[in-house]
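Engineer: need coordinates for the below:
(chains A and B)
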Amino acid sequence: MWDYSEKVKDHFFHPRNAKVVEDANAIGDVGSISCGDALRLMLKINPETEVIEDAGFQTFGCGSAIASSSALTEMIIGKTIDDALKITNQDVADFLDGLPPEKMHCSVMGREALEAAVAQYKGEEYVHDNEDSPLICKCFGIDEAKIVRAIKENNLKTVQDVTNYTKAGGACGSCIEKIEDVLNRTLAEMEGDAYYKNQCEHVHSHAEEKEIAVQTPASDENVPENEAVPFYQAVVDIIERMKPALAQDGGDVVLKRVTPDRVEVELSGACTGCMMTDMTLSWIQQQIMEAIGEYIQVVNVGTSSHH
Amino acid sequence: MTDTKVQGIYLDNNATTKTDPLVYNAMIPFFTEYYGNPSSMHDFGEPVRHAIDRARHQVAEFLGAEHDDEIIFTSCATESDNTALWSALNAMPERREVITTAVEHPAILDTCATLEKKGYKVHYLGVDGRGRLDLDEYRRLLSDKTAIVSIMWANNETGTIFPVEQMAEMAKEVGAQFHTDGVQAAGKIDIDLKRTKIDMLSFSGHKIHAPKGIGVLYLRRGTRFRSFMHGGHQERGRRAGTENAPYIVGLGVACELAKMHLPMMNDTVKELRDRLQYGILKAVPNCFVTGDVENRTANTVNIAFEYVEGESILLKLNEYGIAATSGSACTSGSLEPSHVMRAMKIPFTSAHGTVRFSLSRFTREAEIDRVIEVLPGIISELRSYSPYWQQNKPSMGEFDPDYKGTL
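Structural biologist: Sure thing, here's the model as predicted:
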């Protein structure tokens, strides 16, 4: 069986709030039966205080999908909808003492259902982009179209480049060969297409501008105790390496503080609030942990400017 | 943890089997007592050489091979599969096409994907909703460009048996070699290779109560062959590497036992399998058996449960100490249901909810009854959490999010 924590097992075998909320005034439906997981989140929100007074879920899915749904309802009951929306899928995973990397998408679904429910409550339309392209990296949910775009726009040459820009292949590594295929095909295609090359150079120079722009705040000075930490330089290098990937999505990361057991970063721009914020954080965490060989916490201390 | 969990009910014998204690006992002396290299001329080598000869004979008898030297020992069936495909293509370079099925084991499918990258043409035969092949389509694909046809004898997920003997004869008409992945057939179907046109057959020990790490490639005399592993002259130069003597001895014993137990497989084990199948179908609404029900291995039943997800079922079963497996995406770490279920176009309402139970000669009636006792409760509990299931019946129309998820 998967390496599920005791907490995941507990929430799977004894799910909390697996029920229909009869007087719900906010319902969020996400997923589909053909994808293998689907979730209906039902909330009873007090219109005066905007406090979530009750929450229930119905989930079709694997063990961690059910456990994540259960955990989410426990976490949001009693919170205002604004506070509830601050809960990230990483928070859900942390609440459950972690999820296996292949299962992180299960916690994303809960977060999406919450957004959908709140949107419905507020009378807004909840839209989500949904690309139809073969999935390459299962851990981070990166599809082929996104990889091809990254290669073309940034003139990527190696698999490592692709990983740095898109995160694809950054976790379990089982898709490295597939990335290599996509890379080779895309490079061959680019080579044979002079017109595209011109376009590409244009976009590339554009991307470089962006990159320069985001590098400026990297020379951050309000980091007093950092140099004293033995692995400080390693962390700086890793953050630097990730900037292009984030810049490409219109986001940025700034290293704020490094202590022996904690790395504080500030994610900004398009990074905040997007579904993958926490994937990004856990990716940074994994890279740092691999570099320094021990567990370290990575937290986003950015002022949350939710979309 | 319940008491049953400590004992455990193992119904995943298509994944691997318990090593029979008789097999284990036969192997022991070959670790510390008869440890000589069978290639050595001295007295340490000789008894080992004889033991391997005996095992080779036991395997040949088991497969109905005409000659003992048609048996090549390998490390596993995956190695045998790889050897077979590469051998045919290397031995007949003028033929650059392969025919196989869409429901093979990854040992074949992944190798074929690699062959395609190297410029070979691979044809994948599809299956119908019951998992059956279309022999007319097969006939159309066969040509003088076909180097090798590789068809599994029985499918691992559903147990569906393919007509490999007939297909081998058809391959011979165009001069192609015929290989069968016999992993799931060995020990379940009466195999008599000398009466067939099959050139090569792969199987592994650990599916028939020998340990993991030992496999066989049957190679019919006269079949053009190129070795996969190069090195010493072992196995008549067809598979280099010092013989894994203890495991070869164990495999020989396992084959003898499997042959002996074959009638029991199609008698006692089949009865238990049917008892399980009908017990579940009777007690659980909205489920059905996948694959070719009339024509499958006696130990296997694969049931698709609608509106539930397979991994959840396995987790709940595991809590009762019951081991089975699922074609669900979530159990494999992938995001799609198994390639076998997709090839059969199992309806999407149940594609993620398939569970395979595979029995062995060690399975007992009380174990089967325990599964029939606990499974209905598990399914109804999981359905009670499902948005696709309300008031004890499916409710597909009512729950249909327009956003289908990121994955």
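Engineer: the helix or strand where B:Glu256 lies - what's its average pLDDT?
Structural biologist: Assigned by DSSP states H and E, B:Glu256 falls within helix B:245-264. If you average the pLDDT over helix B:245-264, you get 97.
Engineer: stretch B:233-241 now?
Structural biologist: Averaging pLDDT along stretch B:233-241 gives 95.
Engineer: list the buried residues in that stretch.
Structural biologist: Residues of stretch B:233-241 classed as buried: B:234-235, B:238-239 (neighbour count, 16 or more other CB atoms under 10 Å in any protein chain shown). Yep, even glycine has a C-beta here, placed from its N, CA and C like the rest.
Engineer: one more: stretch B:250-260?
Structural biologist: B:250-259.
Engineer: count of neighbours near the residue lying closest to B:Thr223 once chain neighbours are set aside?
Structural biologist: Using CB to CB, 6 or more residues apart in numbering or on different chains and skipping the chain neighbours, the partner closest in space to B:Thr223 is B:Asp199 (4.5 Å). Neighbour count of B:Asp199, defined by other CB atoms under 10 Å in any protein chain shown: 28.
Engineer: before we move on, what about the one 4 residues further on?
Structural biologist: Taking other CB under 10 Å as the criterion, the count of residues near B:Phe203 is 30.
Engineer: ditto for B:Ile191
Structural biologist: B:Ile191 is flanked by 25 other residues according to other CB under 10 Å.
Engineer: can I assume it is in contact with B:Thr180?
Structural biologist: No - at 9.5 Å, B:Ile191 and B:Thr180 do not qualify as touching, with contact defined as CB atoms under 8 Å.
Engineer: what's the end-to-end length of stretch B:284-300?
Structural biologist: The first and final residues of stretch B:284-300 sit 19 Å from each other (CA to CA, to the nearest Å).
Engineer: that stretch vs chain A: in contact?
Structural biologist: No - shown here: stretch B:284-300 not in contact with chain A (CB under 8 Å from any CB of the partner chain), separated by at least 12.9 Å.
Engineer: adding distance to A:Lys167, write the buried residues of stretch B:250-260 out as TSV.
Structural biologist: Putting these into TSV (distance: CB to CB, whole Å) gives the following:
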residue	distance to A:Lys167
B:Gly250	46
B:Leu251	45
B:Gly252	51
B:Val253	51
B:Ala254	47
B:Cys255	49
B:Glu256	54
B:Leu257	51
B:Ala258	48
B:Lys259	53
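Engineer: not counting sequence-adjacent ones, nearest residue to B:Gly159?
Structural biologist: Residue nearest to B:Gly159 in three dimensions, not counting chain neighbours: B:Thr300, with 3.1 Å by CB to CB, 6+ apart.
Engineer: any idea how far that neighbour is from A:Glu264?
Structural biologist: From B:Thr300 across to A:Glu264, the span is 55 Å (CB to CB, to the nearest Å).
Engineer: quick one: which of those two has more around it?
Structural biologist: More neighbours surround B:Thr300 than the other of B:Thr300 and A:Glu264, with 26 against 17 (other CB under 10 Å).
Engineer: identify the contacts common to B:Ile191 and B:Thr180.
Structural biologist: B:153, B:201 (CB atoms under 8 Å, 6 or more residues apart in numbering or on different chains).
Engineer: so where's the stretch 301-407 of chain B uncertain?
Structural biologist: Counting by pLDDT under 70, the stretch 301-407 of chain B shows low-confidence ranges at B:329-335, B:396-397, B:400-407.
Engineer: number of residues surrounding B:Thr180?
Structural biologist: 29.
Engineer: ditto for the one 10 residues further on
Structural biologist: Other residues near B:Asp190 come to 11 when the count uses other CB under 10 Å.
Engineer: grab the nearest non-local neighbour of it.
Structural biologist: Spatial nearest neighbour of B:Asp190, chain neighbours left out: B:Leu262 (6.1 Å); criterion: CB to CB, 6+ apart.
Engineer: tell me the contacts of the closest residue to A:Val51 other than its chain neighbours?
Structural biologist: Nearest residue to A:Val51 in three dimensions, chain neighbours excluded: A:Thr80, at 5.4 Å (CB to CB, 6+ apart). Each residue near A:Thr80 by CB under 8 Å, 6+ apart is listed here: A:49-52.
Engineer: put the alpha carbons of stretch A:33-51 into PDB.
Structural biologist: Provided in PDB are the C-alpha atoms of stretch A:33-51 (Å, rounded to 0.1, in the frame of the first residue of the first chain):
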ATOM      1  CA  ILE A  33     -15.700  10.000 -12.900                       C
ATOM      2  CA  SER A  34     -13.500   9.300 -16.000                       C
ATOM      3  CA  CYS A  35     -10.600  11.100 -14.300                       C
ATOM      4  CA  GLY A  36     -10.900   8.800 -11.300                       C
ATOM      5  CA  ASP A  37     -11.700  11.500  -8.700                       C
ATOM      6  CA  ALA A  38     -14.500  13.900  -8.100                       C
ATOM      7  CA  LEU A  39     -15.700  15.900  -5.200                       C
ATOM      8  CA  ARG A  40     -18.800  17.800  -4.100                       C
ATOM      9  CA  LEU A  41     -18.100  20.200  -1.200                       C
ATOM     10  CA  MET A  42     -21.200  21.600   0.600                       C
ATOM     11  CA  LEU A  43     -20.900  24.600   2.900                       C
ATOM     12  CA  LYS A  44     -23.400  26.400   5.100                       C
ATOM     13  CA  ILE A  45     -22.200  30.000   5.300                       C
ATOM     14  CA  ASN A  46     -23.600  32.500   7.700                       C
ATOM     15  CA  PRO A  47     -24.600  35.500   5.500                       C
ATOM     16  CA  GLU A  48     -24.100  37.900   8.300                       C
ATOM     17  CA  THR A  49     -20.600  36.900   9.400                       C
ATOM     18  CA  GLU A  50     -19.500  34.900   6.400                       C
ATOM     19  CA  VAL A  51     -18.400  32.200   8.800                       C
END
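Engineer: much appreciated, bye for now.
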